[in-house]
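Student: Below: sequence and its predicted model.
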Amino acid sequence: MKQEFHTQLRLLRSERKISLEDLSLKTRIGTGKLLQYEDGTEIPSVQTILKLSNALEVPASNLYDGLQLNS
C-alpha cells in the first residue's frame, strides 16, 4: 500500500539514517521547510520532489505517488 507523501518522506529519510540537517544540505532546502513537508502542512513543488528523490536516492515516483492520494 502506498503511503502519503509526508509519511513516505519521513520513512525514507529514517531508513537511510539521514538527519534533517544533512537532507537540508543535500537539497538546499531549509530544515523548517523540510519539517513542514514531513508534517504534511506543506506540499512541495515537482522540482522540490526531484531534489528530495535525488538526495534520498529513490525514483521521484516513490514520493510523487504519495501526493496523488491526497487528490
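Tutor: Perfect, thanks for sending it.
Student: send the alpha carbons of the helix or strand containing N54 over as CSV?
Tutor: In this structure, N54 sits in helix 46-56 according to DSSP states H and E. Output of helix 46-56 as CSV, limited to C-alpha atoms (Å, rounded to 0.1, in the frame of the first residue of the first chain):
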residue,chain,number,x,y,z
VAL,A,46,7.7,18.9,-8.6
GLN,A,47,11.1,20.5,-8.7
THR,A,48,11.5,20.0,-4.9
ILE,A,49,10.3,16.4,-5.2
LEU,A,50,13.1,15.8,-7.7
LYS,A,51,15.6,17.3,-5.3
LEU,A,52,14.4,15.1,-2.5
SER,A,53,14.3,12.0,-4.6
ASN,A,54,17.9,12.6,-5.8
ALA,A,55,19.1,13.2,-2.2
LEU,A,56,17.3,10.1,-0.9
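Student: After it, which helix or strand is next? Please name it.
Tutor: Next along the chain after helix 46-56, taking DSSP H and E as the criterion, comes helix 60-68.
Student: can you give me the offset of that following helix from its chain's centre?
Tutor: The gap between where helix 60-68 is centred and where its chain is centred comes out at 9 Å by C-alpha atoms, centre = their mean, to the nearest Å.
Student: tell me which residues of the worst-scoring helix or strand of the chain on mean pLDDT are tucked away?
Tutor: Ranking every helix and strand in the chain by mean pLDDT, DSSP states H and E puts helix 60-68 at the bottom, with a mean of 82. For helix 60-68, the buried set under the neighbour-count rule, 16 or more other C-beta atoms under 10 Å, comprises N62, L63, Y64, G66, L67. The C-beta positions use only the backbone N, C-alpha and C, and glycine is treated the same way.
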